[in-house]
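Asker: Quick one, structure for this:
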Amino acid sequence: MRNHLMIVLLAAGLSFPCFAHAGSIDGSSPCLCAITKVIECNSQGECAETSPEEVNIPTFIKVDFKAKTLSGVDISDSRTTPIKHFEQGDGHLMLQGAENKRGWSTIVNQETGKLSSSVSGEGYGFLLFGTCTVLP
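Answerer: Sure, this is the predicted structure:
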C-alpha cells in the first residue's frame with residue numbers, strides 16, 4: 001500500500017512541476033500541507049516522536065482560505081475543522097481554531113511553506129511540523 005502511494009505521489013510531482021514549486025503562499029489560493037513530524041507530550045512533560053497515523057492526525061491537510069477550513073484529503077479521513085482566526089504578517093500566515101475540547105495554532109512561512117503547529121487538549125499536546133504548497 002505504501003509503495004503504491006509513493007508511486008502516485010512521485011508521478012504527481014513529475015506530472016505537475018508547478019505543484020512541486022508553487023511559489024509564495026499568500027492566502028488567496030488553497031494549499032496542501034504534508035505533516036512530516038509529530039511530537040506528542042503529556043502533562044508530566046514527557047514527550048516522544050510519533051507518526052500522524054498513530055495519533056489520528058491526517059498526513060495531508062488541505063487549507064481552504066476562502067472557506068476558512070482545514071480538511072483531511074484522504075478518502076478514509078475527510079474530517080474538516082473551521083479556521084476561527086487568520087492573520088497574515090511578516091512573511092507568515094497564522095491560523096487558529098478550536099473544536100472538540102481542543103485548540104490549535106499553526107504558522108506557515110509564506111516563502112518556504114514550512115509549517116509549525118500545536119494542538120492541545122486537557123493533559124496532552126502535539127507539535128506538528130511539515131511543508132505546505134499552493135495547489136495548482
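Asker: Which secondary structure state does residue 29 sit in?
Answerer: For residue 29, the assignment made with DSSP: H, G, I helix; E, B strand; the rest coil gives coil.
Asker: check contacts around it.
Answerer: With contact taken as Cβ atoms under 8 Å, 6 or more residues apart in numbering, residue 29 is in contact with 65, 134, 135. Quick note: C-beta positions are derived from backbone N, CA and C, even for glycine.
Asker: Count the neighbours of the nearest residue to the first one once chain neighbours are set aside for me.
Answerer: Of all residues not flanking residue 65 in the chain, residue 27 sits nearest, at 4.7 Å (Cβ to Cβ, 6 or more residues apart in numbering). For residue 27, the tally of surrounding residues (other Cβ atoms under 10 Å) stands at 18.
Asker: I'd guessed residue 27 sits against residue 89; true?
Answerer: No. With contact taken as Cβ atoms under 8 Å, residue 27 and residue 89 are classed as non-touching, separated by 11.1 Å.
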